[in-house]
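Peer 1: Task: produce atomic coordinates for the following.
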Amino acid sequence: MHHSLPTQPDTLGADLRALRKSRSMTLVDLAGALGRSVGWLSQVERDKSEPSISDLRLIAAVLDVSVSMLFRHSAAPAHEAGHIVRQTARRPIGSSVAGLVEELLSPDLTDDFEMVHSTFQPSSGISETVTRPTQEVGYMISGKLDLWIAGQNHTVGPGDSFRIRGEPFRWSNPYAETAEAIWVIAPPVY
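Peer 2: Sure thing, here's the model as predicted:
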């Protein structure tokens with residue numbers, strides 16, 4: 001089977017703008033962190049200029065996202081672009097937390113929210129709480145998760161949902177089974 005190199009999504013510029021804004025960074029802030037001109041970054045955000053692979057690696061590092069987030073592994077056919085995301089074309093996103101795999105269900109980051117599919121491996125978790133400037137609702141598809149939200153312990157399973165509004169939280173899957181959840185997060189942070 002022939003595997004081509006991943007391609008940049010058509011909305012790379014818009015996605016970068018959304019990521020930058022979700023981190024309360026100005027064009028000046030991000031350009032400075034990248035050691036590039038504001039003009040260059042503005043061109044990239046407007047899809048007038050295409051960043052090199054090394055530029056993308058640096059951008060991913062500064063914005064704390066995976067480089068693969070900035071690529072799409074198989075471009076959507078023109079009539080589906082911006083509307084349909086096939087299971088095989090989901091973009092991996094999120095942190096490099098061991099035991100957690102996250103994929104973007106939204107076509108891109110240009111909406112007021114993003115939808116994410118998260119898979120939590122057995123015996124995985126984070127030890128430090130995380131606080132994000134977001135409103136998030138998660139829906140459990142399978143497995144169980146232990147959640148600590150604003151100091152309260154909860155265990156959620158299939159069919160349960162939960163909300164986190166800018167509160168400190170952490171998660172753990174101490175169980176033998178993989179847990180899967182769908183999250184809606186506003187504004188997009190990945």
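
Peer 1: Show me what the worst-scoring helix or strand of the chain on mean pLDDT is packed against.
Peer 2: Least confident helix or strand, the chain: strand 91-93 with a mean of 76, by mean pLDDT, DSSP states H and E. On a contact count with 3 or more CB pairs under 8 Å, 6 or more residues apart in numbering; DSSP states H and E, strand 91-93 meets strand 100-104. To be clear about C-beta, it is placed using only N, CA and C from the backbone, and glycine gets the same treatment.

Peer 1: Give the next helix or strand downstream of the strand it packs on.
Peer 2: Later in the chain than strand 100-104, the nearest helix or strand by DSSP states H and E is strand 114-120.

Peer 1: tell me the angle of that following strand relative to strand 100-104?
Peer 2: Orientation of strand 114-120 against strand 100-104 (axes from the mean of the first three to the mean of the last three CA atoms, to 10 degrees) gives an angle of 160 degrees.

Peer 1: quick check, distance from strand 114-120 to the centre of its chain.
Peer 2: 8 Å (CA atoms, centre = their mean, to the nearest Å).

Peer 1: Give the pairing partners of it; include direction for each.
Peer 2: Using DSSP bridges, the strands paired with strand 114-120 are strand 100-104 (antiparallel), strand 179-186 (antiparallel).

Peer 1: Retrieve the pLDDT associated with P6.
Peer 2: Reported pLDDT at P6 in the predicted model: 51.

Peer 1: about what we covered before: strands paired with the least confident helix or strand of the chain, and their directions?
Peer 2: By DSSP bridges, strand 91-93 pairs with strand 100-104 (antiparallel).

Peer 1: tell me the mean pLDDT for the strand it pairs with?
Peer 2: On average, strand 100-104 scores 86.

Peer 1: can you give me how far that strand is from the chain middle?
Peer 2: Worked out by CA atoms, centre = their mean, strand 100-104 lies 7 Å from the chain centre.

Peer 1: residue ranges with poor pLDDT in the chain?
Peer 2: Where the chain drops to pLDDT under 70, the residues are 1-10, 68, 71-75, 94-96.

Peer 1: ok, which stretches of it are helices?
Peer 2: Applying DSSP state H to the chain gives helices spanning 12-22, 27-34, 38-45, 53-63.

Peer 1: Put together JSON lines for the ones you listed, with mean neighbour count and distance to P187 on each row.
Peer 2: JSON lines is the format used below for these (neighbours: other CB atoms under 10 Å; distance: least, CB to CB, whole Å):
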{"stretch": "helix 12-22", "mean neighbour count": "20", "distance to P187": "5"}
{"stretch": "helix 27-34", "mean neighbour count": "16", "distance to P187": "17"}
{"stretch": "helix 38-45", "mean neighbour count": "17", "distance to P187": "16"}
{"stretch": "helix 53-63", "mean neighbour count": "16", "distance to P187": "14"}
